[in-house]
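Asks: sequence and computational prediction follow.
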Amino acid sequence: MRNISIGLYNWAVLSLILLVSCTSENQTAEESTGGPVSFMLQGTRAGDTKFDTGDAIGVFASVNPSGTLSANSNYADNVKYVYSGNRFINAGKGIEVPKDANNDATYYAVYPFKENIKPNFEFYVNEDQSTYDAFTKSDLCLAKTVIAPTEALVPLKFNHMLSRVLVDASSIGLYPGNYRLELLAYYSGVKATVEQQSVTSVSAATVPHIKMCEDGANHFKAILPPQTLNASDVVGLLYIDNDLPISVILRDNIELVSGTSVELKLR
């Protein structure tokens with residue numbers, strides 16, 4: 001099996017791109033309208049530039065003075081909200097504005113929405129991220145807001161919990177339709193804690209091959225959990241036509257950190 005190398009490209013600049021997209025372009029919440037709570041987005045979307053109509057999140061809520069969550073029976077537990085226009089609207093029975101005005105309300109949101117998750121849950125990226133939808137639904141994001149309980153329009157600012165990997169394959173001189181690229185994810189999931197807004201990566205029983213999403217001609221992208229990519233390990237496979245795969249290796253170790261984007265150049 002042949003080997004080719006892949007090098008880190010402009011880490012200091014590019015590591016900020018995904019993180020900045022979470023915290024910029026803040027929008028001001030409108031006045032409370034009463035009734036069920038809805039959520040106004042602050043910042044931009046998970047993997048790319050914005051949330052799309054139909055994107056769904058799960059919302060937990062606590063009216064305890066400390067804002068803590070229990071395993072069950074919180075003020076709200078994974079209530080589904082869907083993005084429409086410029087806000088998230090309840091899909092079914094929404095969260096009512098708390099009647100107790102003595103304590104602040106604490107809202108926690110999880111993207112993407114998944115059925116039956118608890119405040120502590122496991123999340124795994126999609127092995128096939130070749131489509132835009134599968135790519136974005138691999139991008140776990142968490143948000144937390146503490147606000148006066150009488151507010152019916154709650155601002156949310158999401159943070160990326162995983163890492164985006166970009167690969168520039170323009171230097172290998174191949175026509176895009178003649179090859180595909182897969183990443184090896186030695187850690188393919190995380191244990192997430194909604195209340196602490198934190199994740200811990202977990203290793204896979206078998207190493208999944210992550211099919212990357214095209215990001216323009218000869219450019220690819222994928223979402224991976226935080227982990228170290230070692231120069232001594234095979235980190236990808238390059239398939240040209242129907243030939244056996246070529247192993248992709250790194251020149252140096254690379255740290256994938258929550259909320260960052262790393263660009264690699266295939267040579």
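Replies: Right, received. Where do you want to start? Numbering: from 1, shown residues only.
Asks: which parts of stretch 149-168 are buried?
Replies: By 16 or more other C-beta atoms under 10 Å, the buried positions in stretch 149-168 come out as 149, 151-168. For the C-beta atoms, the positions are set from N, CA and C on the backbone; glycine is no exception.
Asks: next one: that stretch to chain centre, how far?
Replies: 8 Å (C-alpha atoms, centre = their mean, to the nearest Å).
Asks: send the alpha carbons of that stretch over as CSV?
Replies: What follows is stretch 149-168, C-alpha atoms only, in CSV (Å, rounded to 0.1, in the frame of the first residue of the first chain):
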residue,chain,number,x,y,z
PRO,A,149,-38.4,34.0,34.0
THR,A,150,-40.9,36.3,32.5
GLU,A,151,-39.1,36.5,29.1
ALA,A,152,-40.8,34.6,26.3
LEU,A,153,-38.1,35.3,23.7
VAL,A,154,-34.8,33.8,24.8
PRO,A,155,-31.5,34.4,23.0
LEU,A,156,-29.3,31.4,22.3
LYS,A,157,-25.6,31.4,21.5
PHE,A,158,-24.3,28.0,20.4
ASN,A,159,-20.8,26.7,20.9
HIS,A,160,-19.3,23.9,18.8
MET,A,161,-18.3,21.0,20.9
LEU,A,162,-16.5,19.1,18.1
SER,A,163,-13.8,20.0,15.6
ARG,A,164,-14.1,20.6,11.8
VAL,A,165,-11.4,19.2,9.5
LEU,A,166,-10.9,20.8,6.1
VAL,A,167,-8.7,19.1,3.5
ASP,A,168,-7.3,20.8,0.4
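Asks: in this structure, where is pLDDT below threshold?
Replies: Counting by pLDDT under 70, the chain contains low-confidence ranges at 1-35, 43-49.
Asks: and the helices in it?
Replies: 11-14, 17-23, 132-136 (DSSP state H).
Asks: list the helices and strands the last one packs on?
Replies: Taking 3 or more C-beta pairs under 8 Å, 6 or more residues apart in numbering; DSSP states H and E as contact, the helices and strands that helix 132-136 lies on are strand 213-214, strand 219-224.
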